[in-house]
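Novice: any chance you can model this:
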Amino acid sequence: MIVDKINTYLTEKRNKSINEYIIKEFGEVAKYSFTRQFCSNNEEHDSKGKLRLSSAGKCPRALAYAFHGFEKKGKELDSRSAIVFAQGDYVEAMVTQLAKLSGVVLLGIGLNQVNVKMTVKGAEVVGHPDGFIIHNTQMGLFECKSMSSYNFERFEIGEIDEGYIAQIQAYMFASGMPWCCIVAVNKDSGVMAEHIIRFDKEIVQKAHDNLAKVLQSTPETLPDAPQTHDCDEKGVYPWMCLYCSFWGICRPNAAKVLVGKSYKLKEITKKEQRTNETA
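Specialist: Prediction:
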C-alpha cells in the first residue's frame, strides 16, 4: 500500500526534477521538531493535568503520577532521549513526503495534523494522528513508527507493541476510521514494513477504561500497575519499568543493576540492602 510504492519510487521512478513544495514541507516539519526537542524548555513537556490518546495503552499508574504532578524519580529525559524523539519525527516526515512523491494520497500530515478527541469520564482526551490515507477510494488512518532492529523483527511477523495498538485503536475510534496502515522503519537498516490494522471495539474499550482509571484517581488513590509489570521470580521487572520516569516512587525497594551485559530494574532483598550498606 505504501512501502511497495516508496521502494519502487526510490529504485525505479525517482523524479528528476526537484519538488519544491515537498522539500519546503519537510523543512518546516524538521525545523519545528528541532525547535521543540532541542530549543524549548523542559517545562513545556510537563504532563501535569494532561492526558493524551497516544498514552491510551500505557501503564495507568505511571500516567497518574504524571497527571497529578508527582516529582519524577526514575528514568530521566536525557540527551539521548531528545535525540531519539527527534529521529522519530524526522523519520515520520521522510516517510510521509516519500509516500507523496510515490503517489500515495495522504491528508493531515506534518504541521497539518488534525486533533481527534475521545470523551472519557466527561473529559475530552485529545490525540494527533500522523495522518490519513486514501486507498481505492477508501479512507483510513496512517501511522508511522521508527523502531530498533529487535522491535522491527517482531513487527514484521505481526507482533506489534500493545501500546501502539491501543493508541491506533483510540485514534480510529476518535476519527471514525475503520482501518489503519501503520508503517515501521528499522532505524538500524532503513528497511520498511507495514501492516493493516482493523478497528476493534474491545481494544478501544480497554484503552478507554485505562484512561478512565487515571482520570478517576487522586494523588492518594493511584491506579495499580498492570500485572504484566510485576517482577519475575528473580525480582527483575520488565523493561518498561526501567524506562519509567517514576519507578523510584512506584518500586521503592528496586534498584538499577547490571545483569549480564545489560541493566535491569531489580527488587533488592534485605540481605542485598545490608550488603550494599556495608560495602
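Novice: only C-alpha atoms from now on, for both contacts and neighbour counts.
Specialist: Noted.
Novice: find me the pLDDT at E156, would you?
Specialist: We have a pLDDT of 97 for E156.
Novice: check the one 3 residues further on too.
Specialist: Per-residue confidence for E159 comes out at a pLDDT of 96.
Novice: show me the contacts for the nearest residue to N115 once chain neighbours are set aside.
Specialist: Nearest non-adjacent residue to N115, counting by C-alpha to C-alpha, 6 or more residues apart in numbering: H128, 5.2 Å away. Neighbouring residues of H128 by C-alpha atoms under 8 Å, 6 or more residues apart in numbering: 53-54, 113-116, 171.
Novice: cool, H68 as well?
Specialist: Residues in contact with H68 (C-alpha under 8 Å, 6+ apart) are 48-49, 218-219.
Novice: go on, L141?
Specialist: Contacts of L141 (C-alpha under 8 Å, 6+ apart): 129, 131-133, 171-172, 177, 179-181.
Novice: ok, back up a step: between the contacts of H68, which sits nearest S189?
Specialist: The shortest approach to S189 among these belongs to K48, at 37.1 Å (C-alpha to C-alpha).
Novice: so how far is N115 from the closest one?
Specialist: Look at K48 and N115: by C-alpha to C-alpha, to the nearest Å, they are 20 Å apart.
Novice: go on, A93?
Specialist: When A93 is compared with N115 (using C-alpha to C-alpha), they lie 18 Å apart.
Novice: likewise I182?
Specialist: Noted for I182: a distance of 18 Å to N115, by C-alpha to C-alpha.
Novice: so which of those two has more stuff around it?
Specialist: I182 (20 against 14; other C-alpha atoms under 10 Å).
Novice: name the element the more buried one belongs to?
Specialist: Secondary structure assigned from DSSP states H and E places I182 in strand 179-186.
Novice: and that strand, what does it pack against?
Specialist: strand 138-147, helix 149-156, helix 162-175, strand 192-198 (3 or more C-alpha pairs under 8 Å, 6 or more residues apart in numbering; DSSP states H and E).
Novice: show me the shaky parts of this protein.
Specialist: In the predicted model of the chain, residues 16, 41-46, 270-279 satisfy pLDDT under 70.
Novice: show me where it has its strands.
Specialist: 105-107, 116-120, 123-127, 131-135, 138-147, 179-186, 192-198, 254-259, 262-267 (DSSP state E).
Novice: go through those and name the closest to F70.
Specialist: Within those, the stretch nearest F70 is strand 254-259; the backing value is 18.4 Å (C-alpha to C-alpha).
Novice: paired strands for the closest one, with orientation please.
Specialist: Under the criterion DSSP bridges, strand 254-259 sits next to strand 262-267 (antiparallel) in its sheet.
Novice: what's the domain layout of the protein?
Specialist: 3-215, 227-278 (automatic domain parsing).
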